[in-house]
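A.B. asks: return a 3D structure for these sequence lines:
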Amino acid sequence: MTVESKSLVDSVKAGIISAIQGAGEITDAVVDTVSGSLVNTIKRTGEVGGALTTAISETVRGAIQGVAEVGGDVGAAAKGTVIGVLHGTKEVGGEAIDTIGTTAGAVIKETAVVGGDLGKAAKGAVEGAIAGAKDVGLSAEEAASAAASGALKAAGEVGSTAFEQVRNAVTGTISGVKVILKEPFKSEKEQ
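C.D. replies: You can find the predicted model right below:
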């Protein structure tokens, strides 16, 4: 991890911890911190493509670490992270559908690192995608599908138990939206 990457992760983590301790409301604290951090990073570098993917991963890492450190709800953090990333990418011109999948995947991978509940994280990511969909011109169904698919793909990379937890969490209806998985995913061990 580069010095700039570590700086972004630490900055987001500190912002999340401070906001949660100050307000106690995880989702809003995460949305504001993630969105602001992402916009500032992209505007500073002047790049959107690969820089956006890297910035999303680092921002998600900082957010999940911060929430884990204060013992917060990883589902609320995942929801806030996806909404925050959508707000941020809307401002800097990122591709929303790709961003949702990337963010949901990063949420799952980082939640696994901190030992959090992957099912809650996956469901929270889908809820965040649904909540933020209208703001970026997507249907709730498209956004939910992108988040569920991104989360499931990442869980498959983590392992078969993670894959099962995430698949169980994102199958069915979430926040009134029927989640449709676009691809047949298999965990690494099932393939």
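
A.B. asks: which residues are contacting the lowest-mean-pLDDT helix or strand in the chain?
C.D. replies: One helix or strand of the chain scores below all others by mean pLDDT, DSSP states H and E: helix 3-23, with a mean of 81. Helix 3-23 is contacted from outside by 1, 26, 29-30, 32-34, 36-37, 41, 54-55, 58-59, 61-63, 65-67, 69-70, 72, 77, using C-beta atoms under 8 Å, 6 or more residues apart in numbering. The way it works is simple: take the backbone N, C-alpha and C, and place the C-beta from them, glycine included.

A.B. asks: and with 7 Å instead?
C.D. replies: Outside helix 3-23, the residues within contact range by C-beta atoms under 7 Å, 6 or more residues apart in numbering are 26, 29-30, 32-34, 37, 41, 55, 58-59, 61-63, 65-67, 69-70, 72.

A.B. asks: now do the strands in this structure.
C.D. replies: Using DSSP state E, the strands found in the chain span residues 172-174, 177-179.

A.B. asks: most neighbours per residue, which of those?
C.D. replies: strand 177-179 (a mean of 18; mean count of other C-beta atoms under 10 Å).

A.B. asks: just checking, what packs against that one?
C.D. replies: Secondary-structure packing of strand 177-179 (3 or more C-beta pairs under 7 Å, 6 or more residues apart in numbering; DSSP states H and E): helix 140-158.

A.B. asks: just how off-centre is the helix it packs on within its chain?
C.D. replies: 10 Å (C-alpha atoms, centre = their mean, to the nearest Å).

A.B. asks: skip the chain neighbours and tell me the closest residue to residue 66.
C.D. replies: residue 16 (3.0 Å; C-beta to C-beta, 6 or more residues apart in numbering).
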